[in-house]
Structure formats: structure tokens, C-alpha cells
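Novice: let me see the structure of the following:
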Amino acid sequence: MMSEAIKKCLSIFTALLISSCSVQLEEYQQSKTPFNIKSYFNGNVIAWGIVQDYSNEVKRRFCVEIDGSWQDNNGVLAETFYFDDGEVSYRNWQLTLMADGSYQGMAEDVVGIAIGKHKGFAFQFQYQLLLTLDNETYQVNMDDWMYQIDQHKVMNTTSMSKFGVEVAKITLFFDKELPHKRCNSN
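Specialist: Now for the predicted structure:
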């Protein structure tokens with residue numbers, strides 16, 4: 001009979017092995033219309049999303065209003081999150097388009113510099129987030145993937161991990177076609 005420690009080690013090893021077999025951003029290079037982050041996140045965008053725990057159970061639902069503005073290669077994305085439990089939270093991204101085409105970002109609850117890269121219709125944004133749950137703050141790794149569907153719609157999936165193990169998934173649907181719609185008017 002295996003001890004609990006051995007079972008946990010095998011679970012972590014399996015998770016690391018599976019996560020190392022992930023899709024690479026370069027696989028999306030051959031797109032006719034590249035995803036232009038500056039253009040898409042300029043003005044008002046609304047998004048709806050869910051947070052799922054490690055077992056895929058939906059733990060939270062939310063709506064987010066994004067007001068983006070750019071001055072040359074520097075952008076601000078002011079985000080207001082409205083959660084189904086009544087919580088309202090804010091994040092203000094300061095983004096910079098770098099000479100090599102990548103993006104760097106900072107926000108109040110982000111540790112260090114977020115790095116964003118795009119190829120074709122895909123954009124990958126990686127950063128460390130300070131997440132507060134039950135009055136405890138945890139530092140988690142975020143692997144954010146956005147896929148442009150058309151000029152108005154973007155799908156987003158984010159893997160949240162700690163010590164290399166996925167602890168939650170976030171899925172969002174962005175719609176720029178409905179900039180007049182507000183989350184609190186749903």
C-alpha cells in the first residue's frame with residue numbers, strides 16, 4: 001500500500017509531466033489576420049467569465065468592464081470586475097509594447113513584470129498574481145491565453161498554478177461589439 005506522501009509525489013510528477021507537453025505560441029504563427037492587442041483593447045470592452053477549481057467545479061461567475069486607452073506604445077487597461085457574490089474589484093494594467101513586438105505589463109496585484117507575446121490570432125500573457133482568499137494572500141502563476149475569434153470577439157483561458165500544479169482555471173469571453181452594455185445592467 002502506497003503512503004500518502006508517495007501518492008502526492010506521483011500526482012505532482014504527473015501534473016508536471018502533463019504541463020510540459022503544452023501547446024507553444026509559435027503554432028499559431030500562420031494566421032491571415034494577426035491579433036492586434038493595442039487595437040482590440042482600445043476603448044470599451046465587456047467580458048463574462050467563470051472560475052473553476054482543480055476539480056472543474058465552477059466556483060465563481062463574473063462580468064468585467066474594461067476601458068482601454070493607448071498613447072503611442074503605452075496603454076492602460078482599467079478593469080472593473082463584478083462577481084456573482086457581490087464583490088467588486090479593480091485592476092489597472094500599465095502595458096508597454098516593446099521593440100521586439102512583445103508586451104510588458106504591471107498592475108497593483110501583479111508581482112514584477114508580466115510578459116505578453118503574440119503569434120497569429122493568439123496572445124499569451126504570463127505573470128505572478130497576488131490572490132487574496134479568506135484573508136490570506138497567495139502568490140500564484142498565471143498563464144493567460146487569448147484567441148481572437150473575429151474583430152469583436154476574443155476567448156480567453158487562464159491556468160492558475162502554485163508549485164507547478166494547476167489550482168484553478170478561468171475562462172472569459174470578450175465582446176467589443178457591445179461597448180454600450182455594462183455589467184451592472186445585465
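Novice: phi, psi for the spatially closest residue to residue 92 that is not a sequence neighbour please.
Specialist: Excluding its sequence neighbours, the residue lying closest to residue 92 (CB to CB, 6 or more residues apart in numbering) is residue 78, at 5.3 Å. In this view, the C-beta of every residue, glycine as well, is placed from N, C-alpha and C. When read as degrees, to the nearest 10, the backbone of residue 78 gives phi -90, psi 110.
Novice: in which helix or strand does the residue positioned nearest the centre of the chain reside?
Specialist: Central residue of the chain (CA atoms, centre = their mean): residue 144, 3.7 Å from the mean position. Element membership of residue 144, judged by DSSP states H and E, is strand 136-148.
Novice: neighbouring strands for that strand, and are they parallel or not?
Specialist: Each strand paired with strand 136-148, and its direction, by DSSP bridges: strand 122-133 (antiparallel), strand 153-162 (antiparallel).
Novice: quick check: which of the ones you listed is nearest to residue 48?
Specialist: strand 153-162 (10.6 Å; CB to CB).
Novice: so what's the gap between that closest one and the chain middle?
Specialist: Distance of strand 153-162 from its chain centroid, counting by CA atoms, centre = their mean, to the nearest Å, is 4 Å.
Novice: tell me which stretches of this protein form strands.
Specialist: Secondary structure of the chain, counting by DSSP state E: strands at 43-53, 58-71, 74-83, 88-97, 103-106, 110-119, 122-133, 136-148, 153-162, 165-175.
Novice: wait, which of those is closest to residue 33?
Specialist: For residue 33, the closest of the strands of the chain is strand 136-148, at 7.7 Å, according to CB to CB.
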